[in-house]
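**Student:** Let's see this in three dimensions:
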Amino acid sequence: MTDADPGLFGPSSVTWQMHGDPMMWVAGVRALYLQALHPRAVRGVMQNSDFRRDAWGRLMRTADFVGTTTYGTTEAAERAGARVRKIHRRLAATDPATGERYGVDEPELLLWVHCAEIDSYLHVLRRSGFPLTDAQADRYIAEHRVSAGLVGLDPDAVPADRTEMAAYFAKVRPELAAGREAREVDDFLLRPPTHLLLVPAREVLWRRVAQLAYASLPPYAHELYGRPAPAPAAVARRLRATGALLRCIPARLRWQLPPKHILRAMARLGPGARPAPYKVGR
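**Tutor:** Sure thing, here's the model as predicted:
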């Protein structure tokens, strides 16, 4: 046994097991597609960063934040949250139609980003074959009221289960639209700029990831983006096949990629802290 700090969630959490799964990358891209449909939220991103030149960096920073808050110490997670809150406090966006100036840390915008991420992680992993009961899915959503607090949200105002999450999306649905900024995100995710020599790899690998992430969006998102929604059964087959393929890659090999949050957590807490799907029900 060890008395090392298990962090915000710890090895007994659903989050600990889920976030070590390779389908989190597909889920992260789905979250970007979904987040872009909130005009005020995506405007805050596009007006404060060069998304087209740094989208990969943005994705990696999000992955680093998720890894730190999941597998890092409590202190490391709180530092990561403080950095995010500090950055957000300095940023604002302007509505071109009304001239309104607003902060990107408005609770409604933070809540949209949070819910789009958690919904995407849960949706993609479950449909790709990660074993979760409905009760465990609810537990996962509830666990992330903690991470919501890190970015400045009131945890009590954040959905705590699938029913509350569905009610949230139903409430916010009328505010969503595929405006100019959303179209830019959509175009980038399908055709990210890359070195000429890497174009074949982009077409073979990245586009498949982006198309699968897009295909897994809810029907209303397909309607807003203006492309027909693929048959759910076909999407489920693709997700399961991709999940099965990626999970064949040895976990130790996958976890060698920087910044190695999982390996550091196992070194801190012992080999019993290794994340694995079969541990969810324990």
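**Student:** and the closest residue to R145 other than its chain neighbours, how many neighbours?
**Tutor:** Leaving aside its sequence neighbours, R145 sits nearest to P155 (CB to CB, 6 or more residues apart in numbering; 3.9 Å). Backbone N, C-alpha and C define where each C-beta goes, glycine included. Neighbours of P155 under the rule other CB atoms under 10 Å: 14.
**Student:** what's P155 in contact with, if anything?
**Tutor:** Counting by CB atoms under 8 Å, 6 or more residues apart in numbering, P155 makes contact with 145-146, 148-149.
**Student:** Pass me the low-pLDDT residue ranges in the stretch 1-150 of the chain, would you?
**Tutor:** Counting by pLDDT under 70, the ranges of the stretch 1-150 of the chain that qualify are 1-2, 51-56.
**Student:** all strands of it, in order?
**Tutor:** Applying DSSP state E, counting those that start in this stretch to the stretch 1-150 of the chain gives strands spanning 92-94, 101-103.
**Student:** A31: which of those is closest?
**Tutor:** Minimum separation from A31 across the strands of the stretch 1-150 of the chain (CB to CB) falls at strand 92-94, 19.4 Å.
**Student:** In CSV: the contacts of P155, plus distance to A213 and neighbour count.
**Tutor:** Formatted as CSV, the entries for those read as follows, by distance: CB to CB, whole Å; neighbours: other CB atoms under 10 Å:
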residue, distance to A213, neighbour count
R145, 25, 18
V146, 26, 17
A148, 23, 23
G149, 27, 16
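**Student:** quick check, nearest of the residues you listed to R282?
**Tutor:** Ranking the contacts of P155 by separation from R282, with CB to CB as the measure, puts V146 on top at 20.2 Å.
**Student:** how close does that closest one get to V158?
**Tutor:** 9 Å (CB to CB, to the nearest Å).
**Student:** rewinding a little: with respect to burial, which of the strands of the stretch 1-150 of the chain scores highest?
**Tutor:** Among those, the stretch with the highest mean neighbour count (mean count of other CB atoms under 10 Å) is strand 92-94, at a mean of 16.
**Student:** Next, count neighbours for P219.
**Tutor:** There are 9 residues near P219, going by other CB under 10 Å.
**Student:** residues in contact with it?
**Tutor:** Taking CB under 8 Å, 6+ apart as the definition, contacts of P219 comprise A229.
**Student:** Tell me the pLDDT of it.
**Tutor:** Model confidence at P219, given as pLDDT, is 96.
**Student:** Over to R252?
**Tutor:** pLDDT, R252: 88.
**Student:** so where does it fall, helix or strand?
**Tutor:** Under the criterion DSSP states H and E, the helix or strand holding R252 is helix 251-254.
**Student:** got a list of what the residue nearest to R40 when sequence neighbours are not counted touches?
**Tutor:** On the basis of CB to CB, 6+ apart, the spatially nearest residue to R40 that is not a chain neighbour turns out to be L109, at 6.0 Å. By CB under 8 Å, 6+ apart, the residues touching L109 are 38, 40-41, 44.
**Student:** mind checking how far the residue nearest to R145 is from A27?
**Tutor:** Distance of P155 to A27, given as CB to CB: 22 Å.
**Student:** Over to D154?
**Tutor:** 25 Å.
**Student:** Which one's more surrounded, the two?
**Tutor:** Set side by side, D154 and A27 show more neighbours around A27, with 24 against 11, by other CB under 10 Å.
**Student:** on that earlier part again, just name the closest of the contacts of P155 to D21, please.
**Tutor:** Taking CB to CB as the measure, D21 lies nearest V146 of these, at 19.6 Å.
**Student:** Next, count neighbours for the closest residue to the closest one other than its chain neighbours.
**Tutor:** Among residues not flanking V146 along the chain, L8 sits closest, at 5.3 Å (CB to CB, 6+ apart). Look at L8: counted by other CB under 10 Å, it has 25 neighbours.
**Student:** cool, and the one 3 residues further on?
**Tutor:** Counted with other CB under 10 Å, residues neighbouring P11 total 19.
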